[in-house]
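Asks: A structural model of the following input is requested.
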Amino acid sequence: MRLMVLSRRYAEALADVAERSGQLEKVRAELNALAETFAASDHLRTFARTARQSRSAKKSIFRALSEKLRLSGPTSRLLQYLVQKRRTGILEQLAESYADEADRRLGIATAHVTSAVPLSDAHRARIQAGLQDITGKTVRMFESIDESLIGGFQARLDGLFFDGSLQGQLQRIRETIAHGG
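Replies: Predicted coordinates:
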């Protein structure tokens with residue numbers, strides 16, 4: 001829990017800086033690249049999290065990493081600050097928290113859409129437009145397939161659940177009949 005609160009706090013501060021300089025999306029991409037680099041390297045993750053390494057050694061490694069990834073000023077300074085505060089272990093959680101904060105500021109909502117079969121481009125566009133009308137936000141969709149839905153789709157968006165699947169319709173009919181409706 002503490003990790004989540006801490007990463008959110010850093011994400012909000014970084015988003016303030018990035019927003020003022022018009023770099024919300026750029027910083028998101030940089031943090032994602034850093035998180036992917038960490039995820040791909042057990043050695044780097046261990047190095048970042050171990051207290052046995054000196055701050056100067058970590059600063060040197062992370063400065064080189066910043067240069068290699070060509071990180072912007074805000075991201076590079078955050079990385080050095082995390083080294084100074086011995087909090088480089090939260091980088092992956094911070095990238096996730098920052099992405100959520102950047103989306104909030106940019107008016108982007110993420111929808112997870114599950115359908116029985118792959119969506120056609122036209123169907124995808126209709127679902128996305130409908131979700132955008134409901135939320136008033138730009139909707140980014142992630143799709144998955146679940147053949148047990150039989151037909152139709154389900155969508156999860158900002159804590160809401162929309163069930164337009166055949167399986168869901170059958171379940172609602174069963175409930176209506178069971179309750180004497």
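Asks: quick one: contacts for Phe15?
Replies: No Phe there; residue 15 is Ala. Shown in contact with Ala15 (Cβ atoms under 8 Å, 6 or more residues apart in numbering): 24, 27, 98, 101-102, 105. Glycine gets a C-beta too; all of them are placed from N, C-alpha and C.
Asks: which element is it on?
Replies: Using DSSP states H and E, Ala15 falls within helix 2-20.
Asks: would a markdown table of the contacts of Ala15 with pLDDT and distance to His179 be doable?
Replies: Formatted as a markdown table, the contacts of Ala15 follow (pLDDT from 0 to 100; distance: Cβ to Cβ, whole Å):
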| residue | pLDDT | distance to His179 |
| --- | --- | --- |
| Leu24 | 94 | 49 |
| Val27 | 96 | 52 |
| Tyr98 | 96 | 46 |
| Glu101 | 95 | 43 |
| Ala102 | 96 | 45 |
| Arg105 | 95 | 45 |
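Asks: just these now: which is nearest Arg45?
Replies: Closest approach to Arg45 among these (Cβ to Cβ): Tyr98, at 18.4 Å.
Asks: the spatially closest residue to that closest one that is not a sequence neighbour - how many residues pack around it?
Replies: Closest residue to Tyr98 apart from its sequence neighbours, by Cβ to Cβ, 6 or more residues apart in numbering: Ala11 at 4.0 Å. Ala11 has 24 neighbours, counted by other Cβ atoms under 10 Å.
Asks: try His43
Replies: Neighbours of His43 under the rule other Cβ under 10 Å: 8.
Asks: how near is it to Arg156?
Replies: Applying Cβ to Cβ, to the nearest Å, the value for His43 to Arg156 is 36 Å.
Asks: who touches the helix or strand of the chain with the lowest mean pLDDT?
Replies: One helix or strand of the chain scores below all others by mean pLDDT, DSSP states H and E: helix 42-49, with a mean of 81. The contact list for helix 42-49, computed with Cβ under 8 Å, 6+ apart, reads 37-39, 53, 58, 61, 88-89, 91.
Asks: care to break the protein down by domain?
Replies: Split into domains by automatic domain parsing, the chain comes to 2-104, 107-178.
Asks: out of the ones you listed, deepest packed?
Replies: domain 2-104 (a mean of 17; mean count of other Cβ atoms under 10 Å).
Asks: gap between the two ends of that one?
Replies: Terminal residues of domain 2-104 lie 22 Å apart, using Cα to Cα, to the nearest Å.
Asks: return the alpha-carbon coordinates of the helix or strand harbouring Tyr81 using PDB.
Replies: According to DSSP H and E, Tyr81 maps onto helix 73-84. Presented in PDB, the C-alpha positions along helix 73-84 are these (Å, rounded to 0.1, in the frame of the first residue of the first chain):
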ATOM      1  CA  GLY A  73      15.100  16.500 -18.300                       C
ATOM      2  CA  PRO A  74      12.100  15.700 -16.100                       C
ATOM      3  CA  THR A  75      12.500  11.900 -16.400                       C
ATOM      4  CA  SER A  76      16.300  12.000 -16.000                       C
ATOM      5  CA  ARG A  77      16.000  14.300 -12.900                       C
ATOM      6  CA  LEU A  78      13.300  12.000 -11.400                       C
ATOM      7  CA  LEU A  79      15.600   9.000 -11.800                       C
ATOM      8  CA  GLN A  80      18.500  10.800 -10.100                       C
ATOM      9  CA  TYR A  81      16.100  11.900  -7.300                       C
ATOM     10  CA  LEU A  82      15.000   8.300  -6.800                       C
ATOM     11  CA  VAL A  83      18.600   7.200  -6.500                       C
ATOM     12  CA  GLN A  84      19.300  10.000  -4.000                       C
END
